[in-house]
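# the following block contains a protein sequence and its predicted model.
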4 protein chains.
Amino acid sequence: MDKIPVGILGATGMVGQRFIQLLENHPWFEITEIAASERSAKRRYENVMVSRWKLETPIPEKIRKMVLKECQPNLDCKLVFSALDSSVAGPIEENFAKAGYIVSSNSKNHRMDDDVPLLIPEVNSEHLDSIVYQKKKNDSKGFIVTNPNCSTIGLVLGIAPLHKRYGIDRIIVTTMQALSGAGYPGVASMDIIDNVIPFISGEEEKVETEPLKILGDYKNGKFHFADIKISASCNRVNVKDGHLEAVSLSLIEKASIDDLVSTLKNFNPLNGLNLPFSPTKPIVVLDEKDRPQPRFDRERDKGMVCTIGRIRRCPILDYKFYILTHNTIRGAAGAAILNAEYLKIKGFLEN
Amino acid sequence: MDKIPVGILGATGMVGQRFIQLLENHPWFEITEIAASERSAKRRYENVMVSRWKLETPIPEKIRKMVLKECQPNLDCKLVFSALDSSVAGPIEENFAKAGYIVSSNSKNHRMDDDVPLLIPEVNSEHLDSIVYQKKKNDSKGFIVTNPNCSTIGLVLGIAPLHKRYGIDRIIVTTMQALSGAGYPGVASMDIIDNVIPFISGEEEKVETEPLKILGDYKNGKFHFADIKISASCNRVNVKDGHLEAVSLSLIEKASIDDLVSTLKNFNPLNGLNLPFSPTKPIVVLDEKDRPQPRFDRERDKGMVCTIGRIRRCPILDYKFYILTHNTIRGAAGAAILNAEYLKIKGFLEN
Amino acid sequence: MDKIPVGILGATGMVGQRFIQLLENHPWFEITEIAASERSAKRRYENVMVSRWKLETPIPEKIRKMVLKECQPNLDCKLVFSALDSSVAGPIEENFAKAGYIVSSNSKNHRMDDDVPLLIPEVNSEHLDSIVYQKKKNDSKGFIVTNPNCSTIGLVLGIAPLHKRYGIDRIIVTTMQALSGAGYPGVASMDIIDNVIPFISGEEEKVETEPLKILGDYKNGKFHFADIKISASCNRVNVKDGHLEAVSLSLIEKASIDDLVSTLKNFNPLNGLNLPFSPTKPIVVLDEKDRPQPRFDRERDKGMVCTIGRIRRCPILDYKFYILTHNTIRGAAGAAILNAEYLKIKGFLEN
Amino acid sequence: MDKIPVGILGATGMVGQRFIQLLENHPWFEITEIAASERSAKRRYENVMVSRWKLETPIPEKIRKMVLKECQPNLDCKLVFSALDSSVAGPIEENFAKAGYIVSSNSKNHRMDDDVPLLIPEVNSEHLDSIVYQKKKNDSKGFIVTNPNCSTIGLVLGIAPLHKRYGIDRIIVTTMQALSGAGYPGVASMDIIDNVIPFISGEEEKVETEPLKILGDYKNGKFHFADIKISASCNRVNVKDGHLEAVSLSLIEKASIDDLVSTLKNFNPLNGLNLPFSPTKPIVVLDEKDRPQPRFDRERDKGMVCTIGRIRRCPILDYKFYILTHNTIRGAAGAAILNAEYLKIKGFLEN
């Protein structure tokens, strides 16, 4: 079987690197194009990336020699993964969609658009219905699908089964987010050594807003946001990868802790689809009293699971617990790849 | 004026070291006795502390040569500061109180006793009325006064003026606590490098309980706990000193953000008393969008203030903000010293 | 083909855990016994290891349920890997050898014995001749083989090809060693945050001594130490895994930098043996100006290579460069496994 | 007595901030001017420094409101401290000197000039004779004095007494340098978490060269470099402040360890001068087996001492030991201030 040719937009940044790492040996997709800013274009990837490749595994051999192109919709591929910086992602992604490309984007620019799915395949696959409208608007076969912000995705994936089963109306979440989430060079070492930074620009707004779209409905050509109130406090901590979130929430319908645990453990909507980036189960519930922890739990099941621990009563809302997800895998590149896999299996990549 | 002779119980641990450091050159108190476990007793402090002194300033010269005694109530001093481990603090502190010593304790053992003040001088000085009952029970001039847990004190000091003015009924707090709070050797480096530990044994219970006593009343010989619900999630982060807390709370009476800020800034109940360890004002409110931060704010005003920042509306409770306090100064040794200073100024150290 | 049954002595410590992790799915060896101190014996591994398993991958399923035994030579296996603490390793390992077991030990106790090989298969396989004498002395089929200290092995493996080709007579080495080398709980976080510790007990002595045995000859039933002077300064840095060493050395025979590089790159004495834990080539030479770095290079080729970079003239000795090795894989458990594989391929595990 | 008005060139960077912090309340100097790049000029310091002030103490009140000027020689002061980036320091410092200002510079640009002193007052005060030539060349009362690189100064100050007494001919030094040495934003957190970087651009060259000028003579209008060979390996470690150096060296004249220790301890050439930034003694020798350590020893005596520990025989050169100095105090701003104080006491600031 021939692999589907894909391109990477923004191939030199932290998330771009993750796309390249994760797509090496992907059974369905093959990177045929890499693109970046004008400054890097026309140069070999390995030359551009001297001292800039920041992953612990080496640059895949095949990619080393590839020449970066500009982010123009003349790439020889069918689908592009976008890891573009938000300062440029908006119009570039639109150009690709209008030119007939399928765009699986990690950028924030189009997430809240009223005809763009903000997709977590386990959670809101019915939002893909919006693609019809998008194609029509663009008068193109191309379209954009986005994945949520790296803090949002852990939160939403972890609470989605509870919301579906019992209803959730209030969430208070405090995040402890990893350095890799800020890109490169990102956080200066002088800012984070022996420190915590209790502020991440724009992050609390995203965490308080994106879940409402994801957990809402798509009906009659419109997104209807979920009626949930969220309060977020976002912090940067001295951890390489893995966003940890302390969550308290209120359920609309009563449930015991055992109910919660079994609902979380049984959640597996993609079961049987055999998507390469789908974890065995999207949620892992830990029993240990001091878990999840970023260093020990972020890599579970290819970094694609949401790990939950310390589920206990909250004296104010109903329950509280911790959620951990790998921010540059399940929270970024891995999410966009899973989205693309889901699009394929559902026939969205055909003709 | 002669200084008041004081002793340090548990002089070799992290908090004991802080007592020794902070009391060097204290204008009112002079360390005349240092005591520790039988194992260390009868040895010179400097010899016992080889590779164990963990503060950035050297052991004070005078203390170096002092010989450690056992924690028996035969010390030549009037007041003892207790930095004892909770596994032994209970009976030892009682023995001292019964033998006529005044005990200013940082240990948790007697904090919740029904005739022992859990004191923050700016907040609940009227709780000292319980000392009369304590003395009577002990049939002694001696008594015990305790200071709160290191996470509790920051929270309570920061919210006390709001509670007094507007009333608080619900608090959700997520702490990011420093390594020094776990003592020495405390947290293993292999556990915290590139990591966060979302669990501290017994901590959430203390943070959910101690404030109710402190913010409650003492009337008719009994403590009446405040009617506040608190939900805490406590985490250990890779920071040396300084506990940072993300707080959301509900006010009983309405107030604007400006009201909150001015209430916090004007709070200064010890004004005019000139206690050596009292900060200029107990609460500092920062305007910067990304503060307080442990490394940059923990040492403000001798490490004795509570720094508050990012005061903003909470979509679920009423307001949210951050609180930072130095956990081994305002959160431990400095708190016990301030308590002792307050006792002195109020005449409790006399005869 | 049936796998060879092996046991792990000291299965609960950091190196013991690595043995268990690395031997999962080993093509030749199968763990049939795990043993530890009396305190842990007779308990299931998963129960003993709550909050003690410190690797990022989970405990292998098969091992979880196994019951720890005491370190007595009545285990049902042919070979034991020893990760015992040096306070007890000496007599226990002897007991096993005398009882007919083959002992592949990471402990320091017998490394310098005059009939025990201190083995790096790529470097001094002829030292296995000493086993005959050892068996005779023990009047047993059993024997002990040791691997070097975690800092020694990187140094010796990296310089061995140069020593063989040009001769080395002086080495000055400064190590920057990872936290995992100190075991668990090992280094306290309060000692290493924002710090370097310029002392590791006993380490400089090992680094100055062990290489002389390894790089020496075994002739006429005796070890003849290499005539090299080594000066070591050993430091603990805030890194999880990977010992980095800054090395300066003098060559007896002249050589250019190109000579050095090609000698290092061509070194591959185990080529063709297909040992499971043997890296493709034992030495990797990097061209980047700022490498090797612990986080980025320690995992290369299963953590079994010695990575060398920044080879340049030394104004005082002849050359200087950096060496990096993974201290708990190539520097401990992986080394002992490779030793056992080499013993097997050479027939030492038969009858 | 009126204070001497001084200016800070490059007042916004890390070293500039240290100048401002350290000069607050200086008994002789008063900051009357602060200058920076065109981009920051004409703006209030507090406004420019939002999120850029990176010291643990707040911006001095007086400086907050001061307006930054451009680095033009029209400042209202007599002496300027230069913390300029090396990309611009060269001509700017010359302009100031030619215009009659005295320039105490921390920048590297003029350090090796043949009429500019590279001054450590305790070591080579006679190099100030070169100022006469410099003034003549510039046809100005102004002149430039420089202090050494932050790694050089610790090394040279620590070995200078040994060199004077016994002669040194070979030094091998491996540095473990703090993050603050790279300025701000400097080292990315993603580069240094769980890592060491074995390369600092240009650093090894400085450490191998600058000491030769400092330890050489100034005679007949020329610098005569010391005849010492130095080999340096420079590393960046995850430490905020404090450069630690592992040093091995050869003495020309024999000396025992006791000789070394007493020579180091007795070294005090500025004794009696009462310079405000001069430490009690410039060198502190520690007895503890695991010291000096950056976090515990960098702040000794205002951060102005060189701390030495672990003096022991080197099997290859004669002795080895560790040196620690605070890189942004004794290694940068504090050094330049001490230089200026020395210039004052010696009459170089008059007319």
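Done, it's in. Keep in mind that this is a model prediction, so the values were computed, not measured.

# chain D contacts on chain A?
A:14, A:54, A:179-180, A:184-194, A:238-240 (C-beta under 8 Å from any C-beta of the partner chain). (Each C-beta comes from the backbone N, C-alpha and C, glycine too.)

# what about these, which are in helices?
Among the residues of chain A next to chain D, the members found in helices (DSSP state H) are A:14, A:189-192.

# now for those: which two are most distant?
A:Met14 and A:Met190 (19.7 Å; C-beta to C-beta).

# ok, A:Glu205 - contacts?
Applying C-beta atoms under 8 Å, 6 or more residues apart in numbering or on different chains to A:Glu205 gives no contacts.

# hmm, back to that, distance to chain B and pLDDT added to the ones in helices among the residues of chain A next to chain D, as a markdown table?
What follows is those, written out as a markdown table (distance: C-beta to the nearest C-beta, whole Å; pLDDT from 0 to 100):
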| residue | distance to chain B | pLDDT |
| --- | --- | --- |
| A:Met14 | 16 | 91 |
| A:Ser189 | 12 | 98 |
| A:Met190 | 10 | 97 |
| A:Asp191 | 8 | 97 |
| A:Ile192 | 9 | 98 |
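
# by neighbours, which of those residues wins?
Among these, A:Ser189 has the most neighbours (other C-beta atoms under 10 Å in any protein chain shown), with 26 neighbours.

# any idea how far D:Arg291 is from that residue?
25 Å (C-beta to C-beta, to the nearest Å).

# what about A:Leu349, neighbour count?
A:Leu349, neighbours per other C-beta under 10 Å, totals 16.

# who's in contact with it?
A:4, A:78-79, A:102, A:340, A:343.

# can you tell me the SS state at it?
When classified by DSSP: H, G, I helix; E, B strand; the rest coil, A:Leu349 comes out as coil.

# and which of the contacts of A:Leu349 is nearest to chain B?
A:Ala340 (30.1 Å; C-beta to the nearest C-beta).

# list phi and psi for the closest one.
When read as degrees, to the nearest 10, the backbone of A:Ala340 gives phi -70, psi -40.

# tally of neighbours for it?
28.

# hang on, the earlier thing: and of the contacts of A:Leu349, the nearest to chain D?
Closest to chain D, out of all of those and judged by C-beta to the nearest C-beta, is A:Ala340, at 26.5 Å.

# does that closest one touch A:Ser82 like I think?
No - applying C-beta atoms under 8 Å as the test, A:Ala340 and A:Ser82 come out as separate, 11.1 Å apart.

# which neighbours do the two share?
With C-beta under 8 Å, 6+ apart, A:Ala340 and A:Ser82 have common neighbours A:Ser104.

# distance check, A:Val247 against A:Ile172.
7 Å.

# then A:Ala160?
18 Å.

# between those two, point out the one with more neighbours.
Taking neighbours as other C-beta under 10 Å, A:Ala160 and A:Ile172 compare with A:Ile172 leading, 29 against 24.

# that's a helix at that one, yeah?
No - secondary structure of A:Ile172 (three-state DSSP): strand, not part of a helix.

# the closest residue to chain D within the stretch 251-351 of chain A: what secondary structure?
Residue nearest to chain D within the stretch 251-351 of chain A: A:Arg295 (9.2 Å; C-beta to the nearest C-beta). On the three-state scheme (three-state DSSP), A:Arg295 is labelled helix.

# low pLDDT regions in chain A?
A:1, A:351 (pLDDT under 70).

# strands along that one, start to end?
Per DSSP state E, chain A carries strands over the ranges A:4-9, A:29-36, A:69-70, A:79-82, A:102-105, A:143-146, A:168-177, A:217-219, A:222-224, A:229-236, A:243-251, A:283-285, A:306-313, A:319-325.

# export these as a markdown table, with columns for distance to D:Ile59.
Listed next are the strands of chain A as a markdown table, based on distance: least, C-beta to C-beta, whole Å:
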| stretch | distance to D:Ile59 |
| --- | --- |
| strand A:4-9 | 42 |
| strand A:29-36 | 40 |
| strand A:69-70 | 44 |
| strand A:79-82 | 42 |
| strand A:102-105 | 42 |
| strand A:143-146 | 42 |
| strand A:168-177 | 29 |
| strand A:217-219 | 52 |
| strand A:222-224 | 48 |
| strand A:229-236 | 23 |
| strand A:243-251 | 33 |
| strand A:283-285 | 48 |
| strand A:306-313 | 41 |
| strand A:319-325 | 38 |
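
# distance to chain C added to those, as TSV?
Output for the strands of chain A, formatted as TSV (distance: least, C-beta to the nearest C-beta, whole Å):
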stretch	distance to chain C
strand A:4-9	21
strand A:29-36	21
strand A:69-70	25
strand A:79-82	24
strand A:102-105	28
strand A:143-146	30
strand A:168-177	17
strand A:217-219	38
strand A:222-224	39
strand A:229-236	17
strand A:243-251	15
strand A:283-285	11
strand A:306-313	12
strand A:319-325	13
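
# tell me which of those lies nearest to B:Gln72.
Comparing these by their distance to B:Gln72 (C-beta to C-beta), the top pick is strand A:306-313, with 42.0 Å.

# who are the packing partners of that closest one?
Judged by 3 or more C-beta pairs under 8 Å, 6 or more residues apart in numbering or on different chains; DSSP states H and E, the packing partners of strand A:306-313 are helix A:150-166, helix A:257-266, strand A:283-285, strand A:319-325.

# deepest-packed of the ones you listed, please.
strand A:319-325 (a mean of 26; mean count of other C-beta atoms under 10 Å in any protein chain shown).

# hmm, A:Lys206 is touching A:Lys108, no?
Yes - contact criterion C-beta under 8 Å: A:Lys206 and A:Lys108 qualify, at 6.9 Å.

# chain neighbours aside, what residue packs nearest to A:Pro60?
Nearest residue to A:Pro60, sequence neighbours excluded (C-beta to C-beta, 6 or more residues apart in numbering or on different chains): A:Glu24, at 4.3 Å.

# any idea how far C:Leu260 is from that neighbour?
Taken as C-beta to C-beta, the span from A:Glu24 to C:Leu260 is 33 Å.

# thinking again about what came up before, what sits against the residue nearest to the residue of the stretch 251-351 of chain A closest to chain D when sequence neighbours are not counted?
Setting aside the residues directly before and after it, A:Arg295 is nearest to B:Asn195 in space (C-beta to C-beta, 6+ apart), at 4.1 Å. Shown in contact with B:Asn195 (C-beta under 8 Å, 6+ apart): A:239, A:293-296, B:238.

# B:Asn195 and B:Val187: what is the separation?
Counting by C-beta to C-beta, the gap from B:Asn195 to B:Val187 is 10 Å.

# could you do A:Phe19 as well?
A:Phe19 is 36 Å from B:Val187, by C-beta to C-beta.

# quick one, which of the two is more surrounded?
A:Phe19 (30 against 24).

# what's near enough to touch the more buried one?
With C-beta under 8 Å, 6+ apart, A:Phe19 has these contacts: A:8, A:11, A:31, A:81, A:83, A:333, A:336-337.

# mutual contacts of A:Lys206 and A:Lys108, please.
A:Asn149.

# higher neighbour count, the two?
A:Lys206 (20 against 17).

# once you drop chain neighbours, what's closest to that one?
Nearest non-adjacent residue to A:Lys206 (C-beta to C-beta, 6+ apart): A:Asn149, at 4.3 Å.

# same thing with A:His326?
A:Gly303 (3.8 Å).

# got the residues of the stretch 251-351 of chain A near chain B?
A:289-296, A:309-310, A:314-317, A:320, A:322.

# let's go with 7 Å and repeat that
A:289-290, A:293-295, A:310, A:314-316, A:320, A:322 (C-beta under 7 Å from any C-beta of the partner chain).

# out of the residues you listed, which are buried?
Listed as buried from these are A:290, A:293-295, A:310, A:314-316, A:320, A:322; burial here means 16 or more other C-beta atoms under 10 Å in any protein chain shown.

# which residue ranges make up each domain of chain A?
A:4-148+A:333-345, A:150-326 (automatic domain parsing).

# check the offset of the longest one from the chain's centre.
In this case it means domain A:150-326. 12 Å (C-alpha atoms, centre = their mean, to the nearest Å).

# do stretch A:122-134 as well
Centroid separation between stretch A:122-134 and its chain, computed with C-alpha atoms, centre = their mean, is 16 Å.
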